[in-house]
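In: What follows is a predicted protein model with its sequence.
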Amino acid sequence: MSGPNPSLAIARYRRLAANYDRATRRAAPVRARAVAALDLRAGDTVLDVACGTGVCFPLLQEHVGASGQIIGVELSPDMLALARRRVDAAGWTNVKLMQASMESVRLPVPWDAALFHFTQDVLRSRAALTNIFSQAADGARVAAAGTKTFPWWLAPFNLYIWAANRSYVTTFDGLSRPWSLLQREYVRDLRVHPVWLGASYIASGRYRGSRASAE
């Protein structure tokens with residue numbers, strides 16, 4: 001399968017941005033569990049990878065507090081505009097928004113925790129992961145959540161998975177184990193929990209500060 005296509009992602013999210021929050025409401029319980037898995041503390045700097053409209057910001061704010069910082073990075077200008085509107089409406093002064101690809105972004109400070117919330121394209125980009133983790137604090141906490149294909153015994157239902165997600169991702173590479181690069185190369189202790197009968201997952205662990213060799 002082909003890898004992520006940033007130009008296609010920008011074009012797609014130009015159409016999707018306005019209705020994104022409403023269309024993804026059913027993911028709210030998974031979102032909350034993923035944020036909880038980060039074990040955030042007051043004062044932490046948390047990186048919201050491909051933050052979209054900032055839908056995770058309220059949950060992150062609850063944990064890091066006014067003394068913490070949220071860095072939201074988003075490729076799509078249309079999605080980031082909505083994230084900025086959310087931040088302005090809430091009056092948050094501890095959120096830094098950056099329009100950039102995860103492959104190229106230079107963060108202002110190292111991050112203590114990173115949230116990969118439905119970021120299939122980023123998780124399947126080695127260049128993005130290399131750049132992200134080159135800017136992490138040692139021992140940084142990581143949580144990921146997203147869609148995956150059903151186990152083999154429910155394989156016919158994967159037609160639904162592909163249909164439901166084809167507008168949101170540009171690559172289905174590794175969709176049976178979207179976290180595999182993350183686990184193999186950066187978070188060796190990653191714990192993965194299936195959700196929705198195996199159609200989704202929540203994974204969490206710690207970055208130990210050195211890039212393991214691929215197996």
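Out: Alright, I've got the coordinates.
In: just for the protein, where's the confidence low?
Out: Across the chain, residues meeting the criterion (pLDDT under 70) sit at 1, 210-215.
In: max-length helix in it?
Out: helix 77-90 (DSSP state H).
In: Show the subsequent helix or strand relative to that helix.
Out: If you walk from helix 77-90 toward the C-terminus, the next helix or strand you reach (DSSP states H and E) is strand 95-99.
In: Parallel or antiparallel, list what pairs with that next one.
Out: strand 69-74 (parallel) (DSSP bridges).
In: For the partner strand, buried residues please.
Out: Buried residues in strand 69-74, counting neighbours by 16 or more other C-beta atoms under 10 Å, are found at Q69, I70, I71, G72, V73, E74. Quick note: C-beta positions are derived from backbone N, CA and C, even for glycine.
In: between those, which is nearest R208?
Out: Closest approach between those and R208, by C-beta to C-beta: I71, at 21.4 Å.
In: Touching, that closest one and P110? I think so.
Out: No - using C-beta atoms under 8 Å, I71 is not in contact with P110; the gap is 10.3 Å.
In: what touches both of those two?
Out: T45 (C-beta atoms under 8 Å, 6 or more residues apart in numbering).
In: Check which helices and strands the longest helix of the chain sits against.
Out: Counting contacts by 3 or more C-beta pairs under 8 Å, 6 or more residues apart in numbering; DSSP states H and E, helix 77-90 packs against helix 6-16, helix 20-23, helix 57-64, strand 69-74, strand 95-99.
In: Just want the angle from that helix to strand 95-99.
Out: Counting by axes from the mean of the first three to the mean of the last three C-alpha atoms, to 10 degrees, helix 77-90 lies at 170 degrees to strand 95-99.
In: Helix 77-90 versus helix 6-16: what angle between them?
Out: Interaxial angle of helix 77-90 relative to helix 6-16 (the same axes, to 10 degrees): 50 degrees.
In: just the helices and strands packed on helix 77-90: most buried one?
Out: Of all these, strand 69-74 carries the top mean neighbour count, a mean of 24, counting by mean count of other C-beta atoms under 10 Å.
In: Need the residues that contact it.
Out: So strand 69-74 is in contact with 44-52, 54, 57, 60-61, 64, 80, 83, 92, 94-100, 102, 105, 107-109, 111, going by C-beta under 8 Å, 6+ apart.
In: In three-state terms, how would R141 be classified?
Out: Here R141 is recorded as strand under DSSP: H, G, I helix; E, B strand; the rest coil.
In: my guess is it meets W111, correct?
Out: No - contact criterion C-beta under 8 Å: R141 and W111 do not qualify, at 9.4 Å.
In: Show me which of the two is the more surrounded one.
Out: W111 (26 against 23; other C-beta atoms under 10 Å).
In: still on that earlier bit, reformat the helices and strands packed on helix 77-90 as CSV; add distance to L197.
Out: Output for the helices and strands packed on helix 77-90, formatted as CSV (distance: least, C-beta to C-beta, whole Å):
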stretch, distance to L197
helix 6-16, 26
helix 20-23, 21
helix 57-64, 24
strand 69-74, 30
strand 95-99, 35
